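# Turn this into a model:
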Amino acid sequence: MSFSQLVKKELLQIEYENSCCERALLYGLCIFGKGFSSFGINVQTENKGVAMLYKKLIKKYCNVNCEVKVSPMGRSYSINIENKSDCDKILGAFGHNDNSSLKIDYSNFDCQQCTNAFLAGAFLACGTVSDPKKDYHLEFTVPFMNLSKSLVTFLEETELSPKLSTRKGYNIVYFKDSQGIEDCLYLMGASSAMFEMMNIEIVKDIRNKANRTANCETANIERTVKASYLHIEAIEKIEQKKGLDFLKKDLQDMAKLRLENPELSLSELAKISGLSRSGVNHRLNRILEIAKEI
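Next up is the predicted model:
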């Protein structure tokens, strides 16, 4: 089961105490379906539970009977209400008519929880969310431009910050940031999914920090190895051409220390020698210069 399916499963299990909230849920399901006009009220979903809930609530609050149709492959479920009197009855129940542009009617919300239930209905009708282990993306695929803009305004009024774009003729209201997605899930009532996403985010953050630390350590080791190779190459050149006695006593001691400890960093050499890191670096650089002069 995908993460998106888990979210919808959680939303379908919510039991609303007030009938106004359940009705608001139905409003979200209806208005964000494939069609919402006197010519037809339609919803199509891959989730059987969503279709059955739609059928149940349409009967309960609008007194309209409808049939759930299953695709030949059994992968999608659709409800098509085409009788004009039934369509007008449903439209009228939510304060809509064909003479007005399709946008959210706030008179359908009687309490604060109604807006949350409405958002849950909208997600059940046209929402998807990516697996947070792979990507952060939650979207509502809205067939009508005015309705998509109305949804953006609705979400902004709940202190969310969605973005709006188009894809293949559909209007996409979406979130790409983990915080926005978590807040949206919480408002809809999918708190378990929200906490799961937060846990995944924490694990990813820890893993990323560990990787950055490992990469940094690897880079430091590579730099140390490269520097050590250059030091030893210079010391061996001086030894072959002139002998280490050619060097002053302090440089001789540093040359021998480097040869005995090729794997150590400058800081580690400083601890052994009792010098400062800059002092070690200065003497090794002087050895490099002498090797070049020979």
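# Next, count neighbours for I235.
Residues lying near I235 (other Cβ atoms under 10 Å) number 24. The way it works is simple: take the backbone N, C-alpha and C, and place the C-beta from them, glycine included.
# which residue packs closest to it, ignoring adjacent ones?
Distances taken as Cβ to Cβ, 6 or more residues apart in numbering put A255 closest to I235, at 4.6 Å, once the chain neighbours are dropped.
# Look at D131 and tell me its secondary structure.
coil (DSSP: H, G, I helix; E, B strand; the rest coil).
# That one and K204, how far apart?
12 Å (Cβ to Cβ, to the nearest Å).
# Wasn't the residue nearest to I235 part of a strand?
No. Counting by three-state DSSP, A255 is located in no strand; its state is helix.
# so which helix or strand takes in F140?
strand 138-142 (DSSP states H and E).
# where along the stretch 51-200 of the chain do the strands fall?
Along the stretch 51-200 of the chain, counting by DSSP state E, counting those that start in this stretch, strands occupy 69-70, 77-81, 127-129, 138-142, 163-167, 170-175.
# and the last one, average pLDDT?
Confidence over strand 170-175 (mean pLDDT, whole number) is 94.
# residues near the nearest residue to G28 once chain neighbours are set aside, how many?
Leaving aside its chain neighbours, G28 sits nearest to G121 (2.4 Å; criterion: Cβ to Cβ, 6+ apart). A count of nearby residues for G121, using other Cβ under 10 Å, gives 29.
# From I14, how far off is G121?
G121 is 11 Å from I14, by Cβ to Cβ.
# One more: I202?
Counting by Cβ to Cβ, the gap from I202 to I14 is 26 Å.
# Those two - which one has more neighbours?
I14 (15 against 10).
# Any chance of the backbone angles for that one?
Main-chain torsions, I14, degrees, to the nearest 10: phi -70, psi 130.
# residue contacts, it?
Counting by Cβ atoms under 8 Å, 6 or more residues apart in numbering, I14 makes contact with A117, A120, G189.
# Including pLDDT, distance to L160 and neighbour count, could these go into JSON lines?
JSON lines is the format used below for those (pLDDT from 0 to 100; distance: Cβ to Cβ, whole Å; neighbours: other Cβ atoms under 10 Å):
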{"residue": "A117", "pLDDT": "96", "distance to L160": "16", "neighbour count": "27"}
{"residue": "A120", "pLDDT": "97", "distance to L160": "14", "neighbour count": "28"}
{"residue": "G189", "pLDDT": "93", "distance to L160": "15", "neighbour count": "23"}
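# In helices, which of those fall?
Counting by DSSP state H, the members of the contacts of I14 that fall within helices are A117, A120.
# now the contacts of I14 in TSV, with distance to G169?
Formatted as TSV, those follow (distance: Cβ to Cβ, whole Å):
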residue	distance to G169
A117	29
A120	26
G189	30
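# which one of the contacts of I14 sits closest to S228?
G189 (60.4 Å; Cβ to Cβ).
# so that closest one sits right up against A120, yeah?
Yes. In this structure, G189 is within contact of A120 by Cβ atoms under 8 Å, at 5.5 Å.
# picking that back up, what about the residue nearest to I235, how many neighbours?
Applying other Cβ under 10 Å, I find that A255 has 23 neighbouring residues.
# surely it meets R286?
No. With contact defined as Cβ under 8 Å, A255 and R286 do not form a contacting pair (10.2 Å).
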